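Peer 1: Below are the sequence and a predicted model; questions follow.
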Amino acid sequence: MSYHALSQHFEQLHHLQHLGAICGWDQATMMPSGGNEARAEALGTLAVLCHQQLQDPRLADWFADAEQESSAREHKVSLAEMRRQWRDATLLPADLVRAMSLAGSRCEHAWRSLRPANDWAGYLPLFEEVLNLSRQVASARAETLGLSRYDSLLEQYEPGMRSARLDTLFGGLKSWLPELITQVQNKQRNEPMLQPQGPFAIEQQRALGLEVMTLLGFDFNHGRLDVSAHPFCGGVSEDVRLTTRYNEQDVAQALMGIIHETGHARYEQGLPAQWRRLPVGQARSMGVHESQSLFFEMQLARHPAFIARLTPLLERHFGAQPAFAPDNMARLYTRVSPGLIRVDADEVTYPAHIMLRYEIERDLIEGRMEARDLPERWDQLMQTYLGLSTKGNYKDGCLQDIHWTDGSFGYFPSYTLGSIYASQQAAAMQQQQRSLEQLIDNNLSSVFEWLQQHIWQHASLLETDTLIQQACGQSLDATAFKHHLQQRYLG
């Protein structure tokens, strides 16, 4: 049976990707710096092996035969997802895949030391190589897919999404978001707020994070928490690797980072076991993936009812202090203040950070700007969207993100898509069940059961618009997001 042969073939590919994910996690968390060149070479070789697995000449015949073997919907969808991965692989020559992996590993590794040193000059040639190769990838994909260069990369993270739709969506956000930011800042200006007084020992922060992960249902038999320069969720569904970074003067940074990554992890752990090793059993899109992390961090963790549950945990690990009062913590975790750093941004200003990056990466890939122009363009847009300047401050400007170091162009829109999807899911959940306050007060398992039923169990069996339509009663729409922000921040 050709479908069976295809399934076995893609399961083997999954095993190779599993090894790559764990090696990548180790590179970011535990590997000694002297091992980077050898690791980059090893990952490059692994990337070529994965690519060769997808270019196996037998696949074309197997796909043709498998189409005739079954009319079952799940098999048809599974074949379509396998075919999409096969198509993407055949667009690129193996030498380009290897060159991209090597350049990305070297740039990412150098970024870890160049960013703290504010060394744009040292970073630029490495980034230029990654950008050049990314443009070659985009051109190869665009020619076959009949898309623009940028849309061909966006397709990797958000299947079916196009920059024209993003332009409309972001244009709508721009029509009301700046005024909302101003209104919220004016409202909060005279609201008293106490800052928690540190230091907060890293070991105690870690213990708190593990306790909150348990509260959020994380399965420690199939995952773990570690430290990296940039928080992420990696590994595979059976072995999910989370990372965070700690600041002894700020307990919120690591805690909210852990909660965010736990949302990613719960999605991975909730994917249907019978499909996990096939493309159809993977996450639907990065926007849907981000919707889960942002549901956990923004819809749940910054809700006053959840913050009330956090307070005794904070006091248990760090001792009682006035700043830990629930009302104060709620004000602290919903404070709106335009800042330079995306990962530290509040949920009202966060979309501005994403729109900035979207416009830049789109123009970089389309050739409307060059790598050397990045700092100036970044500063211009930061001043336009948030009234802040990053002139000369590269580490808090164009060097702050890890995504472009390995050529992940087209990823950034997923964050704001995730915010919108998360708001739609929260609104639908409350219409179908009870208010979030009641769900948090009574039993968080009801929240997770809704997400399992409406999002997690479907993996890639449904296209994104269909998934959101079925779960929320409508496809992508920013109305619920706007309402959520107005309700939370303006009352």
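Peer 2: Looks like it arrived, so ask away.
Peer 1: in the stretch 151-300 of the chain, which spans are strands?
Peer 2: Taking DSSP state E, counting those that start in this stretch, the strands of the stretch 151-300 of the chain run over residues 223-227, 233-236, 239-244.
Peer 1: want to try a markdown table for these, with mean pLDDT, distance to residue 211 and mean neighbour count as columns?
Peer 2: In short, each C-beta sits where N, CA and C put it, glycine included. Converted to a markdown table, those look like this (pLDDT from 0 to 100; distance: least, Cβ to Cβ, whole Å; neighbours: other Cβ atoms under 10 Å):
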| stretch | mean pLDDT | distance to residue 211 | mean neighbour count |
| --- | --- | --- | --- |
| strand 223-227 | 96 | 11 | 17 |
| strand 233-236 | 94 | 19 | 22 |
| strand 239-244 | 96 | 14 | 23 |
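Peer 1: Serialize those strands to CSV and add fields for distance to residue 280.
Peer 2: Formatted as CSV, the strands of the stretch 151-300 of the chain follow (distance: least, Cβ to Cβ, whole Å):
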stretch, distance to residue 280
strand 223-227, 22
strand 233-236, 15
strand 239-244, 19
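Peer 1: so what's the backbone phi/psi at residue 148?
Peer 2: Per-residue torsions, residue 148: phi -70, psi 160 (degrees, to the nearest 10).
Peer 1: quick one: contacts for it?
Peer 2: Going by Cβ atoms under 8 Å, 6 or more residues apart in numbering, residue 148 touches 142, 163, 366.
Peer 1: Just the closest of these to residue 266, please.
Peer 2: Minimum distance to residue 266 across those is 30.4 Å, recorded for residue 163 (Cβ to Cβ).
Peer 1: burial count for the closest one?
Peer 2: If you count neighbours by other Cβ atoms under 10 Å, residue 163 ends up with 18.
Peer 1: One more: residue 273?
Peer 2: 11.
Peer 1: start the count at 346, not 1, going forward
Peer 2: New numbering, starting at 346: the last item is residue 618.
Peer 1: Give me the distance between it and residue 751.
Peer 2: For residue 618, the distance to residue 751 equals 30 Å [Cβ to Cβ, to the nearest Å].
Peer 1: Identify the spatial nearest neighbour of the residue nearest the centre of the chain, chain neighbours not counted.
Peer 2: Note on the chain: the residue nearest the mean C-alpha position is residue 635, at 4.8 Å, using Cα atoms, centre = their mean. Spatial nearest neighbour of residue 635, chain neighbours left out: residue 763 (2.6 Å); criterion: Cβ to Cβ, 6 or more residues apart in numbering.
Peer 1: The one you found: what secondary structure?
Peer 2: Under DSSP: H, G, I helix; E, B strand; the rest coil, the three-state class of residue 763 is helix.
Peer 1: OK, contacts around it?
Peer 2: For residue 763, the contact set (Cβ under 8 Å, 6+ apart) comprises 631, 632, 633, 634, 635, 636, 637, 638, 639.
Peer 1: what does residue 776 give?
Peer 2: Residue 776 makes contact with no residue under the criterion Cβ under 8 Å, 6+ apart.
Peer 1: Output the helix or strand harbouring it as CSV, restricted to C-alpha atoms.
Peer 2: For residue 776, the element it lies in under DSSP states H and E is helix 758-777. Extracted C-alpha coordinates of helix 758-777, given in CSV (Å, rounded to 0.1, in the frame of the first residue of the first chain):
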residue,chain,number,x,y,z
PRO,A,758,3.1,38.2,11.7
SER,A,759,2.3,34.9,13.6
TYR,A,760,2.5,36.8,16.9
THR,A,761,-0.2,39.3,16.2
LEU,A,762,-2.3,36.7,14.4
GLY,A,763,-1.9,34.6,17.6
SER,A,764,-3.1,37.5,19.8
ILE,A,765,-6.2,37.9,17.6
TYR,A,766,-7.0,34.2,17.5
ALA,A,767,-6.5,33.9,21.3
SER,A,768,-9.0,36.7,21.8
GLN,A,769,-11.5,35.0,19.5
GLN,A,770,-11.0,31.7,21.4
ALA,A,771,-11.5,33.4,24.8
ALA,A,772,-14.7,35.1,23.6
ALA,A,773,-16.0,31.8,22.2
MET,A,774,-15.1,29.9,25.3
GLN,A,775,-17.0,32.3,27.5
GLN,A,776,-20.0,32.3,25.2
GLN,A,777,-20.2,28.5,25.2
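Peer 1: Quick check: which ranges of the stretch 546-695 of the chain have low pLDDT?
Peer 2: Counting by pLDDT under 70, the stretch 546-695 of the chain shows no low-confidence range.
Peer 1: ok, the nearest residue to residue 777 once chain neighbours are set aside - contacts?
Peer 2: Closest residue to residue 777 apart from its sequence neighbours, by Cβ to Cβ, 6+ apart: residue 795 at 7.4 Å. The contact partners of residue 795, by Cβ under 8 Å, 6+ apart, come to 774, 777, 778.
Peer 1: Now the buried members of those.
Peer 2: Among the contacts of residue 795, those classed as buried by 16 or more other Cβ atoms under 10 Å are residue 774.
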